[in-house]
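In: What follows is a predicted protein model with its sequence.
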Amino acid sequence: MAEVIIVRNQDEAGKIYAQCVTDLIVRKPDCVLGLATGSSPLAAYEALARDVNERHIDVSQVRGFALDEYAGLDPRHPQSYRSTITRTVVEPLGLDPEKIHVPNGDLDSIQEAGAAYDEAIARAGGVDIQILGIGTDGHIGFNEPGSSLASGTRIKTLTEQTRIDNARFFDDDISKVPSHCITQGIGTILKARHLVLLAFGAGKAEAVAETVEGGISSFCPASALQLHPHATVIVDEAAASRLRNRDYYKYAFANKPSWQQI
């Protein structure tokens, strides 16, 4: 079972993630971080940047792999995930851009890009900590409901709802939103040594409950976290509101041994 940590707000969640990652960097300077975009990880990245800068932690050897990228979108486009990761992670932390990788969405080579990306992760020694957000339907990355739980990095067709939701980043014009993406699959994500999923707000409550306490199903892709030996789910009270065992999760975290990290 995943460890569930119920926090007061996103800032508290960010501090927990930041402590976990900075400890890792100190212990393993060339660690590999799994990076996600979206709103959920932002407070975590901000807390990590503060810790890195205030503690003067050397991040020159840190490597990273993003979860996904739009297909056919110029990496220099402000809404590409390459640009987003640069703005929210690389620049605030002072990471070496050459060590941060994003799936190749170039349409001329995208058919081979998935296998090449998984091979690159394997050559790097695998991801140490993968941060994840979750959609209201339980998707992680661009693995929509119905995605194979054994899938590797591959091309996916975006649902119409996803394109509608993301149109706000493209001048509210859905015609500008790419129809395809390249995303790490569930199988790829599960190979990371530690998964940290963040979820906030009542709108995520059902997805969180299905992920943690429901059956394992491709129709809630995040439920695959139940198969992982080291998964941490950090949620606020609203996102935890439908968890049947939330009192136990609070008790377990309050009585967590001081030597045991998340």
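Out: Okay, I see it.

In: only C-alpha atoms for contact and neighbour calcs from this point on.
Out: OK.

In: Could you check how far P92 is from D51?
Out: P92 sits 11 Å away from D51 when distances are taken as CA to CA, to the nearest Å.

In: what do you get for H139?
Out: For H139, the distance to D51 - CA to CA - is 30 Å.

In: between the two, who's got more neighbours?
Out: The neighbour count for H139 versus D51, taken as other CA atoms under 10 Å, is higher for H139 (23 against 18).

In: these two touch, right, that one and P221?
Out: Yes: taking CA atoms under 8 Å as the definition, H139 is a contact partner of P221 at 5.3 Å.

In: and for these two, which residues touch both?
Out: P145 (CA atoms under 8 Å, 6 or more residues apart in numbering).

In: Do a quick rundown of the helices in the stretch 151-262 of the chain.
Out: 160-166, 186-190, 205-213, 246-254 (DSSP state H, counting those that start in this stretch).

In: same question for stretch 63-75, mean pLDDT?
Out: In this model, stretch 63-75 has a mean pLDDT of 97.

In: For the stretch 1-150 of the chain, just list every one of the strands.
Out: Ranges of strands within the stretch 1-150 of the chain are 3-7, 32-35, 63-66, 68-70, 100-101, 129-132, based on DSSP state E, counting those that start in this stretch.

In: Turn the helices of the stretch 151-262 of the chain into CSV, columns for mean neighbour count and mean pLDDT.
Out: Below are the helices of the stretch 151-262 of the chain laid out as CSV (neighbours: other CA atoms under 10 Å; pLDDT from 0 to 100):
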stretch, mean neighbour count, mean pLDDT
helix 160-166, 14, 86
helix 186-190, 23, 98
helix 205-213, 22, 98
helix 246-254, 13, 97
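
In: looking at those, which is closest to C20?
Out: helix 246-254 (15.0 Å; CA to CA).

In: Convert the closest one to PDB, retaining C-alpha atoms only.
Out: The C-alpha atoms that make up helix 246-254 are tabulated as PDB, following Å, rounded to 0.1, in the frame of the first residue of the first chain:
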ATOM      1  CA  ARG A 246      -7.800   8.700   6.300                       C
ATOM      2  CA  ASP A 247      -7.700   8.600  10.100                       C
ATOM      3  CA  TYR A 248      -5.300   5.700   9.900                       C
ATOM      4  CA  TYR A 249      -3.100   7.500   7.400                       C
ATOM      5  CA  LYS A 250      -2.900  10.500   9.700                       C
ATOM      6  CA  TYR A 251      -2.100   8.300  12.700                       C
ATOM      7  CA  ALA A 252       0.600   6.500  10.800                       C
ATOM      8  CA  PHE A 253       2.300   9.600   9.700                       C
ATOM      9  CA  ALA A 254       2.100  11.300  13.100                       C
END
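
In: chain center to that helix, what's the gap?
Out: 24 Å (CA atoms, centre = their mean, to the nearest Å).

In: In contact with D137, which residues?
Out: Counted by CA under 8 Å, 6+ apart, D137 has contacts E144, P145, A207, C220.

In: now it: how far from V235?
Out: The value you get for D137 to V235, if CA to CA is used, is 16 Å.

In: repeat for H228
Out: Distance from H228 to V235, by CA to CA: 18 Å.

In: which of these two has more neighbours?
Out: V235 (26 against 18).

In: thinking that one is in contact with V196, fair?
Out: No: using CA under 8 Å as the test, V235 is too far from V196 to be in contact (10.5 Å).

In: Just the CA trace of the least confident helix or strand in the chain by mean pLDDT, in CSV.
Out: One helix or strand of the chain scores below all others by mean pLDDT, DSSP states H and E: helix 160-166, with a mean of 86. Backbone C-alpha positions of helix 160-166 (Å, rounded to 0.1, in the frame of the first residue of the first chain) are rendered in CSV as follows:
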residue,chain,number,x,y,z
GLU,A,160,-11.1,16.0,-26.8
GLN,A,161,-11.6,17.0,-23.1
THR,A,162,-7.9,17.2,-22.5
ARG,A,163,-7.5,19.5,-25.6
ILE,A,164,-10.5,21.6,-24.4
ASP,A,165,-8.9,21.8,-20.9
ASN,A,166,-5.5,22.8,-22.3
